[in-house]
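Novice: Model the structure of this input:
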Amino acid sequence: MKSSLLLLALLLLHGCAPLTHLDSKVDNVLLVDQYLAEQEYGKALTLISSISKEDPQALELEKKRKTILDQVQTFEQQSIALALNQERLSNWPEAKRIYVEALKKLNTSRTLEEAREGMLTRFQNRMDALQYEELIVTGEWLRKKLPLLRSLQASNPGDLIIQWRYSRTENEARETAKELLRIGEQMLAENNAAMAQRILPLAAELDPQLDMEAAISSLDSMLQSRKDKKLEDRRRIAQKKDEKVIEEFNRAMAHNNLSEARSHLTRLSPATRTSVAAELMQERLDKAMAEYIQEELSIGNSFYRARGYKQAIKAWKNILAIDPDNEAVQTKLERAEKVVEKLNALEEQQKKQ
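Specialist: Below you'll find the predicted structure:
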């Protein structure tokens, strides 16, 4: 009798355990495969985790775990991609449904959970933005409506309906201004200067009596800070460009490429172009050009006197390449070209004879 009671107690103690785990005939590998076919990755991983190391199928199931984890990663990526596609189409209910269904099959996925939370945050942001736009449209409509009703009310002081309409619209404008101020302050706290700039001036127009000095001051400071930052960013970008131009200028000067060096100087930013450094670079270039021109001019003159007209022409063209407005050299070049032209004509005439 005692043995029977003990056996019954043991059975009751194990009554909460899954029957599949008690039945040694259950093929857990087959059951895992069934879960995978249904994309029930959570159930498959839970089952594998519950198998003891002494189980005959433990090794095979552990190998399947690695395969499952690879499939889980693919499943997560595909689910998120599908949800994002629906989100882009503004089909928020379908995007939410995709995450709900995916998490049913893989409720331990932190990746899916974070993606779902991100989607919900973006949805809320979109809803908030729409509400802000609706409030702004209402404010702009009231801003246009109030002067018309004020004029109508002034010209019809005895019309109670017009007086009532004006009073009601004025109250609506004040309430809208308060809400705009609240949202404007929120935008300032979120560092959203663009939205605050749309909202706060509108609130001030709807209700000039509204205490907005602090908010407007904060907005002005934020806008000035943004402006200063943009100017500083532009200055920094220009400085980097100028540093590169100066490097290219020095390289051109080292190779005696004076025409290219002069071109680099023209690319300097206006601020750097008036600096002492730019003046020194210009002096360096002018000196090098003067020396080069004098040298080429001397070479050209020597060749011309020795009747080496083609070599003289080449030397003088070198000068005009960097100093195209040099009239004296241009005159020399034209005279030499005419001489060469006459010599060529004479040579052709002699060949014909």
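Novice: C-alpha only now, for contacts and for neighbours.
Specialist: Noted.
Novice: Check the offset of whatever helix or strand Arg122 lives in from the chain's centre.
Specialist: Using DSSP states H and E, the secondary-structure element containing Arg122 is helix 110-155. The gap between where helix 110-155 is centred and where its chain is centred comes out at 25 Å by C-alpha atoms, centre = their mean, to the nearest Å.
Novice: packing partners for the helix or strand following it?
Specialist: From helix 110-155 onward toward the C-terminus, using DSSP H and E, the following helix or strand is helix 160-189. Based on contacts counted as 3 or more C-alpha pairs under 8 Å, 6 or more residues apart in numbering; DSSP states H and E, the elements that helix 160-189 packs against are helix 110-155, helix 193-206, helix 213-254.
Novice: what is the rounded mean pLDDT of helix 160-189?
Specialist: What helix 160-189 shows for mean pLDDT is 94.
Novice: So what angle separates the directions of it and helix 213-254?
Specialist: 50 degrees (axes from the mean of the first three to the mean of the last three C-alpha atoms, to 10 degrees).
Novice: can I get the helices and strands packed on helix 160-189 in TSV with mean neighbour count?
Specialist: TSV is the format used below for those (neighbours: other C-alpha atoms under 10 Å):
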stretch	mean neighbour count
helix 110-155	15
helix 193-206	20
helix 213-254	15
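Novice: Quick one: those as TSV, columns for distance to Glu175 and mean pLDDT too.
Specialist: Rendered in TSV, the data for the helices and strands packed on helix 160-189 read as follows (distance: least, C-alpha to C-alpha, whole Å; pLDDT from 0 to 100):
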stretch	distance to Glu175	mean pLDDT
helix 110-155	10	93
helix 193-206	9	94
helix 213-254	17	94
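Novice: Would you convert the ones you listed into CSV that also reports distance to Asp33?
Specialist: Formatted as CSV, those follow (distance: least, C-alpha to C-alpha, whole Å):
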stretch, distance to Asp33
helix 110-155, 23
helix 193-206, 54
helix 213-254, 59
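Novice: And those helices: which comes nearest Gln39?
Specialist: helix 110-155 (14.8 Å; C-alpha to C-alpha).
Novice: Any stretches of the stretch 251-353 of the chain with poor pLDDT?
Specialist: 353 (pLDDT under 70).
Novice: Just the pLDDT for Leu31.
Specialist: pLDDT for Leu31: 84.
Novice: OK, contacts around it?
Specialist: Residues counted as contacts of Leu31 (C-alpha atoms under 8 Å, 6 or more residues apart in numbering): none.
Novice: count of neighbours near Ala95?
Specialist: 24 (other C-alpha atoms under 10 Å).
Novice: correct me, but it touches Ser79?
Specialist: No. Applying C-alpha atoms under 8 Å as the test, Ala95 and Ser79 come out as separate, 9.4 Å apart.
Novice: mind listing what's buried in stretch 318-338?
Specialist: By neighbour count, with 16 or more other C-alpha atoms under 10 Å as the criterion, the buried positions of stretch 318-338 are 318-320, 322-323, 329-330, 332-333, 336-337.
Novice: pLDDT wise, what is Leu36 at?
Specialist: Model confidence at Leu36, given as pLDDT, is 80.
Novice: Run a quick neighbour tally on it.
Specialist: One way to gauge burial is a neighbour count; for Leu36, by other C-alpha under 10 Å, it gives 18.
Novice: Could you chop the chain up by domain?
Specialist: If you go by automatic domain parsing, the domain ranges for the chain are 24-108, 137-234, 287-345.
Novice: Now do the SS call for Asp325.
Specialist: Using DSSP: H, G, I helix; E, B strand; the rest coil, the structure places Asp325 in coil.
Novice: Can you pull the phi/psi pair for it?
Specialist: Note on Asp325: its backbone torsions stand at phi -90, psi 10 [degrees, to the nearest 10].
Novice: what's the spacing between it and Thr331?
Specialist: Between Asp325 and Thr331 the computed distance is 11 Å (C-alpha to C-alpha, to the nearest Å).
Novice: again with Lys244
Specialist: Here the criterion is C-alpha to C-alpha. By it, Lys244 lies 38 Å from Thr331.
Novice: which residues does Ile293 contact?
Specialist: Applying C-alpha under 8 Å, 6+ apart, one finds that Ile293 lies in contact with Ile319.
Novice: Which element, helix or strand, includes it?
Specialist: With DSSP H and E as the criterion, the answer for Ile293 is helix 276-305.
Novice: And the next helix or strand past that helix?
Specialist: Note on helix 276-305: by DSSP H and E, the next helix or strand toward the C-terminus is helix 309-322.
Novice: counting contacts, what elements does that following helix pack onto?
Specialist: Helices and strands touching helix 309-322, as assessed by 3+ C-alpha pairs under 8 Å, 6+ apart, comprise helix 258-266, helix 276-305, helix 327-352.
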